[in-house]
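Student: kindly generate the corresponding structure for this input.
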Amino acid sequence: QVQLVESGGGSVQAGGSLRLSCAASPSIYSVTRLCVGWFRQAPKKERERVAQITPSGIATYYAPSVKGRFTASADNANDTVALQMNSLTPEDTAMYYCAAGVNCERLTVWGQGTQVTVSS
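Tutor: Residues are numbered from 1 along each chain as shown. Coordinates of the predicted model:
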């Protein structure tokens, strides 16, 4: 059964950058062949979709709160999907998840999440 594994989270000061990565496990599966969404959930807040990238490698969605600062991309050589996060603010502090599916309307496989903490 395929699972997703996120990596790259951590603590950073406001204005800093982090790069999250999402890979399929076991590695015989290729996450870049799926629609992948990035989500985040902060304590006491609803889960929010922040970005989405199609199997063709085109980012088709960014939340207004991250547009211009976050970039989703596919790394076909390493079979991973990345979320580059720049100009981070404390409001970006959350657990970040990637989810994937055959089509973007139904993302059925989720990762365990990676924590991003931004201090002021």
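Student: okay, now residue 74: neighbour count?
Tutor: Neighbour count of residue 74, defined by other Cβ atoms under 10 Å: 24. Bear in mind the C-beta positions are built from the backbone N, C-alpha and C, glycine included.
Student: okay, the one helix or strand it maps to in CSV with CA atoms only?
Tutor: Residue 74 is part of strand 70-75, with elements assigned from DSSP states H and E. Output of strand 70-75 as CSV, limited to C-alpha atoms (Å, rounded to 0.1, in the frame of the first residue of the first chain):
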residue,chain,number,x,y,z
PHE,A,70,5.0,29.5,-2.1
THR,A,71,5.8,27.5,-5.2
ALA,A,72,4.9,23.9,-5.8
SER,A,73,7.0,21.9,-8.3
ALA,A,74,7.6,18.3,-9.4
ASP,A,75,11.1,16.8,-9.3
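Student: now do that strand, average pLDDT.
Tutor: Throughout strand 70-75, pLDDT has a mean value of 95.
Student: okay, strands next: where are they in this structure?
Tutor: Applying DSSP state E to the chain gives strands spanning 3-7, 10-13, 18-25, 35-41, 48-53, 59-62, 70-75, 80-85, 94-101, 109-110, 114-119.
Student: strand partners (parallel or antiparallel) of the last one?
Tutor: Going back to what we said before, that points to strand 114-119. Next to strand 114-119 in the sheet, as set by DSSP bridges, lie strand 10-13 (parallel), strand 94-101 (antiparallel).
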